[in-house]
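Asks: fold the following for me, if possible:
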Amino acid sequence: MTADSDASSRRIVIAMVILNAFTTPVMLSATNVALPAISEHFALSATMVSWVPMAYLMASAMFILICGRLADLFGRKRVFLIGTAAVILTSVYTSLASNGAMLLSGRFLQGVSAAMLYATQMAIVSSVYPPSQRGKAIGIVVSVIYAGLMTGPILGGLVTDWFGWRANFYLHIPLSLVVLFIGLGLVREEWSGESVAFDFAGAALFSLSILFLCLGVSLLPSIFSAIVLSCFAVSLLLFVRHASMAENPIWDIRVFFGNALFTRSCGASLIMYTATYANLVLLSLYLQELKSLSASQAGLIMAIQPVSMALLAPVAGRLSDSMEPRVLASSGMLLTALGLFLLSGLDAESRILTAAVALILTGIGFGFFSSPNTNAIMSAVDRKDYGLASGAVATTRILGQLGSMVLVALAMSLLIGDRLIDSSTLPQLEQSIQFSFSLAAAICVPGILLSILRSRMHQPGARGS
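Replies: Numbering: from 1, shown residues only. Below you'll find the model as predicted:
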């Protein structure tokens with residue numbers, strides 16, 4: 001293959017990846033803007049409202065390792081395209097929900113479908129780009145993800161005001177169909193890893209751990225929640241024991257024990273996503289319930305954070321090819337912590353400008369963190385382990401996002417419980433939002449330490465290699 005044809009093939013592949021990298025967060029963030037409308041339509045309690053995004057994230061977390069392993073076994077492109085088709089079908093199903101139970105089941109199925117995409121995107125990019133260009137390519141993909149997160153609230157707010165919340169589940173479908181056309185008609189290559197036996201026991205234990213954690217937290221402070229959380233602790237311990245001893249575990253946690261750069265980079269990613277994902281969910285409720293803005297007005301303000309992310313991610317990605325990722329990522333996490341601290345002081349009397357400034361800080365901080373941190377993870381393993389590393393990137397991201405929503409569900413459950421979000425519970429909603437942001441800012445502190453103390457990726461004299 002000539003250099004020109006190789007470059008052309010790469011452009012087609014990355015076009016396929018970035019289209020889905022754009023459409024999936026559009027769906028995700030547009031739904032967040034529609035939460036108040038969904039809550040009102042189905043008369044959902046505060047705890048049930050938190051389950052609308054959490055059902056999606058729980059399913060993604062439960063199945064992302066499974067999808068990553070299946071992609072290594074049967075082909076990353078194949079799993080990627082199956083996930084694309086499944087997202088389309090499950091989105092249509094969710095849009096037709098006639099009650100809260102059907103809505104949550106649709107969100108769960110959407111999460112399973114999206115897990116196929118999360119587990120394969122970075123693995124495909126890393127498979128076609130050499131190490132010297134990988135940081136730039138990852139930066140492009142991350143920037144497109146943030147562009148989707150930026151576009152979702154704006155489109156979601158407008159669509160919710162004009163056509164109703166159901167229309168949000170159709171926004172991403174046209175581009176998803178284009179992805180299927182490119183993948184089936186233009187991309188001839190297939191990428192896979194080692195052919196090993198599938199770890200059914202590990203997959204079951206990991207998935208059960210996620211399920212028990214989410215159910216247990218949402219049931220607090222009932223006695224039954226203690227039983228479910230005990231099941232979570234047992235299943236998690238069994239998973240760790242199994243993964244440490246199995247020949248080919250679903251998630252080889254042993255790689256964390258002998259690779260400090262990989263371990264600390266994944267840990268920093270987990271903490272960062274736990275601290276930041278729920279921002280837009282909380283801001284959606286704050287702006288529409290406490291500040292009485294429309295969905296479209298709230299969407300414009302919520303877009304400030306992902307706009308800042310999208311502008312900074314490609315710059316940070318290029319810098320990480322020649323500078324130490326740990327310096328860039330740690331600086332980004334510090335800025336994010338400052339933004340979260342500002343958000344923790346929001347109340348019904350706060351100025352919108354305060355929220356906007358805080359979102360700029362968190363967006364810039366995350367933009368400087370994400371691409372360099374992902375580049376550090378992918379560069380810490382051999383080429384044959386790209387599937388494992390990509391799965392780790394996606395898994396820590398999804399677990400962090402899920403952890404962020406678990407914290408929100410905990411706050412909602414303890415402070416509001418089964419009551420509806422209405423004028424009588426607005427003081428409790430305000431307390432829930434403040435508590436969630438305060439906790440998010442606090443957990444950034446160990447994340448900053450973990451990030452800055454990781455080992456160097458670039459050795460002296462090897463910069464730019």
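
Asks: OK, contacts around the closest residue in space to residue 100 that isn't next to it in sequence?
Replies: Nearest non-adjacent residue to residue 100, counting by CB to CB, 6 or more residues apart in numbering: residue 42, 4.5 Å away. Yep, even glycine has a C-beta here, placed from its N, CA and C like the rest. Residues in contact with residue 42 (CB atoms under 8 Å, 6 or more residues apart in numbering) are 99, 100, 103.

Asks: could you tell me how many residues sit around residue 198?
Replies: A count of nearby residues for residue 198, using other CB atoms under 10 Å, gives 12.

Asks: so which helix or strand takes in it?
Replies: Here residue 198 sits in a region with no helix or strand, counting by DSSP states H and E.

Asks: and what of residue 83?
Replies: helix 76-95.

Asks: elements contacting that helix?
Replies: helix 3-33, helix 46-74, helix 100-118, helix 121-128, helix 173-185 (3 or more CB pairs under 8 Å, 6 or more residues apart in numbering; DSSP states H and E).

Asks: what angle separates the longest one from helix 173-185?
Replies: For helix 3-33 and helix 173-185, the angle between their directions (axes from the mean of the first three to the mean of the last three CA atoms, to 10 degrees) works out to 150 degrees.

Asks: got the buried residues for helix 3-33?
Replies: 9-10, 12-14, 16-33 (16 or more other CB atoms under 10 Å).

Asks: ok, the second one next?
Replies: Buried residues in helix 46-74, counted by 16+ other CB under 10 Å: 46-73.

Asks: distance from the chain centre to that helix, please.
Replies: From the chain centre to the centre of helix 46-74 is a distance of 10 Å (CA atoms, centre = their mean, to the nearest Å).

Asks: now for that helix, which elements pack on it?
Replies: Short answer (3+ CB pairs under 8 Å, 6+ apart): helix 46-74 packs on helix 3-33, helix 35-42, helix 76-95, helix 100-118, helix 200-218, helix 279-285, helix 386-415.

Asks: what comes up buried for the third one?
Replies: Okay, so that is helix 76-95. Neighbour counts over helix 76-95 (16+ other CB under 10 Å) mark 76-88, 90-91, 93-95 as buried.

Asks: any idea of the mean pLDDT in that helix?
Replies: Mean pLDDT, helix 76-95: 93.

Asks: ok, now the longest one?
Replies: If you average the pLDDT over helix 3-33, you get 82.

Asks: buried ones in the lowest-mean-pLDDT helix or strand in the chain?
Replies: Lowest mean confidence among the helices and strands of the chain (mean pLDDT, DSSP states H and E): helix 254-257, at a mean of 75. For helix 254-257, the neighbour count (16+ other CB under 10 Å) marks residue 255 as buried.

Asks: can you list the helices and strands that the helix or strand just after it packs against?
Replies: Sequence-wise, the next helix or strand downstream of helix 254-257 (DSSP H and E) is helix 260-276. Packing partners of helix 260-276 (3+ CB pairs under 8 Å, 6+ apart): helix 254-257, helix 325-343, helix 352-379, helix 386-415, helix 426-452.

Asks: give the burial count for residue 222, as a bare number.
Replies: 13.

Asks: what about it, distance to residue 365?
Replies: Distance, residue 222 to residue 365, by CB to CB, to the nearest Å: 37 Å.

Asks: one more: residue 115?
Replies: Distance, residue 115 to residue 365, using CB to CB: 27 Å.

Asks: quick one on the thing from earlier: could you dump the helices and strands packed on helix 46-74 to a markdown table with distance to residue 313?
Replies: A markdown table is the format used below for these (distance: least, CB to CB, whole Å):
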| stretch | distance to residue 313 |
| --- | --- |
| helix 3-33 | 11 |
| helix 35-42 | 26 |
| helix 76-95 | 21 |
| helix 100-118 | 17 |
| helix 200-218 | 28 |
| helix 279-285 | 16 |
| helix 386-415 | 14 |
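
Asks: list the contacts for the closest residue to residue 259 other than its chain neighbours?
Replies: With sequence-adjacent residues excluded and distances taken as CB to CB, 6+ apart, residue 259 is closest to residue 380, at 5.8 Å. Contact partners of residue 380, counting by CB under 8 Å, 6+ apart, are 259, 261, 262, 265, 389, 457.
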